[in-house]
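Chemist: Sequence and predicted structure, then a few things I'm wondering about:
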Amino acid sequence: MKAVLLVGGKGTRLRPLTYRIPKPLIPVMGKPLMMHVIDSLPAEVDETIIPVGYMRETMEAYLKEHPPSRKITIVEEKEPMGTGGAVKNVEDYIDGDFLVINGDSISSLDMRRFIEYHRSKKAFATISLWEVEDPTPFGVVDMDVNGKIHRFQEKPTRQEAFSLLINAGAYALSYETLDHIDEGFVSMERQVFPRILDRGMYGMRFEGYWVDCGTRENLLDAYRTLMKANARGGEGPDDGRVIADRAAVERGASVEGSSIGPFTYISRGTVVEPGSHITGSVLFEDVRIGPNCRIIDSIVDQGVVVPGGSVIESQILGAVEQAVE
Ligand code: GDD
Ligand code: MG
């Protein structure tokens, strides 16, 4: 079974991080965002196809340097084709029922169960569903007790929203779905889903967590969510990190004489000089925090040097475009 990973965006809301690396390579708890998704795929997924336009060379270089244990194929997407068009563009790689996954979020969805559910319903298409309080920034479904979806509306107004169940961005699709995607720029959500609804579209809800990683706030929230999940007995300290009080310091980082508040993640090679206070923040690799700094709810990119005495609150400090004041 093949999986198509959709990571086409430029990640503008994560600039300046995404001036240096594309969003799929942004580290989340020491692992690139896209690898969280790929690692969650069951063994029967023998190839993950990633249509890429923005920073394709950087993606290819990463995979060369870190050969993945499973097959990943990068396919050039010359210009953005839309979520449906991008899938159509790689149809030659697809050979049967397949998965499509939005690569900008991390979730606890059990992919094996999801595929089983899709098969047990004999569905034409199955989408993963997550409950939210405000469905307006998402795709929302109207689903019956048997899991059959009767209506799908992308980015509804409050009045239009039929439910609080949103498209969590993982789909199991029949091979025939490809026949319903036109050539050119096509939106899966706005054009393809409405068209295939009456062929038998099902939804599977899941519990646990689902976090978007598209903005500073969301990315920090993803770290918080995963730290909480780990604290409940996930990956232990023997994976090279010290996890205490819902903060994580990778082995090879140096933190002395500073206070580290909850939901802080400090990556290897990073040095925090004495007298600093860091909370709710993520420091990527090889960062240097000078003495007596305050870093709050911020992300500091790889290699950035923060001068002593700096106060950084709710910011992204980039390695490529320095935003230190
Ligand atoms: N290859 C490629 N080409 N990928 C694309 C393109 C494209 O032209 N456009 C978007 N993508 C990728 C994005 O990088 C992202 O990972 C995924 O497809 C979804 O696109 P977004 O632009 O992030 O859409 P959204 O967040 O507004 O809405 C989508 O995700 C929601 C859940 O996060 C929709 O699928 C909603 O229905 C859904 O609820
Ligand atoms: Mg998105």
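Modeler: Sure, I can see it. These numbers were taken from a predicted model, which means no experiment stands behind them. Ligands and ions are numbered 1, 2, ... in the order given.
Chemist: tell me the SS of Asn230?
Modeler: The three-state label given to Asn230 by DSSP: H, G, I helix; E, B strand; the rest coil is helix.
Chemist: got the contact list for the nearest residue to Thr279 once chain neighbours are set aside?
Modeler: Spatial nearest neighbour of Thr279, excluding adjacent residues (Cβ to Cβ, 6 or more residues apart in numbering): Gly261 at 2.6 Å. For glycine as for every other residue, the C-beta is placed from the backbone atoms N, C-alpha and C. Neighbouring residues of Gly261 by Cβ atoms under 8 Å, 6 or more residues apart in numbering: Ala247, His277, Ile278, Thr279, Gly280.
Chemist: Let me have those residues in JSON lines, extended by neighbour count, secondary structure and pLDDT.
Modeler: Output for the contacts of Gly261, formatted as JSON lines (neighbours: other Cβ atoms under 10 Å; DSSP: H, G, I helix; E, B strand; the rest coil; pLDDT from 0 to 100):
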{"residue": "Ala247", "neighbour count": "22", "secondary structure": "strand", "pLDDT": "88"}
{"residue": "His277", "neighbour count": "16", "secondary structure": "strand", "pLDDT": "93"}
{"residue": "Ile278", "neighbour count": "25", "secondary structure": "strand", "pLDDT": "95"}
{"residue": "Thr279", "neighbour count": "16", "secondary structure": "strand", "pLDDT": "95"}
{"residue": "Gly280", "neighbour count": "20", "secondary structure": "coil", "pLDDT": "96"}
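Chemist: Could you identify the most distant pair in those residues?
Modeler: Farthest-apart pair in the contacts of Gly261 is Ala247 and His277; separation 12.3 Å (Cβ to Cβ).
Chemist: Name the strands paired with the host helix or strand of Val75 and say parallel or antiparallel.
Modeler: Per DSSP states H and E, Val75 falls inside strand 72-76. If you go by DSSP bridges, strand 72-76 pairs up with strand 47-52 (parallel).
Chemist: Measure how far stretch 110-120 is from the centre of its chain, please.
Modeler: 20 Å (Cα atoms, centre = their mean, to the nearest Å).
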